[in-house]
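In: Kindly return the folded structure for what I paste below:
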Amino acid sequence: FKVFFVLRKKQSQITFLHVYHHTITAVFSWCYLKFLPGEQGVIIGFLNSLVHVIMYSYYFIAALGPKYKKYLWWKKYMTWIQLVQFALMLVYLVLTLILDCRTPKALTYFFTIVVIIFMYLFSDFYRQAYKKKIT
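Out: Just a heads-up that it's a prediction; the model follows:
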């Protein structure tokens, strides 16, 4: 997406959250594929895929043009959906630790910290983007 943002001269959309999220997600994915192929990471991959189907549906409708703008009322809910995804991921990761699943503990702690940081960053984005400022 970053390439499309630059080509469309939308540099303002390239934020710390955007770059950090996609960079860490690439590392996150590589770690799962390298160390846990076919293991518990399937659930996290499924959740992430589901969220991206919803997001790309939004982008598809937005790309259809201005006459479809009335169908895009749910933009702010995409961030909530992502936050729910992260909450479910966090519960899942904590359960793998509590239930002593056969996942590398250090990797699970790393993933847990990443998800907590994502929750903080996405919550902060939501507050800045969608909450009315009181003056």
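In: And the residue minimising distance to the centre of the chain, how far from Lys76?
Out: Nearest to the mean C-alpha position of the chain, counting by Cα atoms, centre = their mean, stands Gln82 at 5.3 Å. According to Cβ to Cβ, to the nearest Å, Gln82 and Lys76 sit 11 Å apart. Quick note: C-beta positions are derived from backbone N, CA and C, even for glycine.
In: which parts of the lengthiest helix in the chain are buried?
Out: The helix that spans the most residues within the chain, counting by DSSP state H, is helix 105-130. For helix 105-130, the neighbour count (16 or more other Cβ atoms under 10 Å) marks 107-108, 110-112, 114-115, 118-119, 121-122, 125-126 as buried.
In: ok, so of those residues, who is nearest Val42?
Out: Phe111 (13.8 Å; Cβ to Cβ).
In: Assign the nearest residue to the closest one once chain neighbours are set aside to helix, strand or coil.
Out: Take Phe111 and drop its neighbours on the chain: the residue closest to it by Cβ to Cβ, 6 or more residues apart in numbering is Leu93, 5.5 Å away. Of the three states, Leu93 takes helix under DSSP: H, G, I helix; E, B strand; the rest coil.
In: With that, I have no additional questions.
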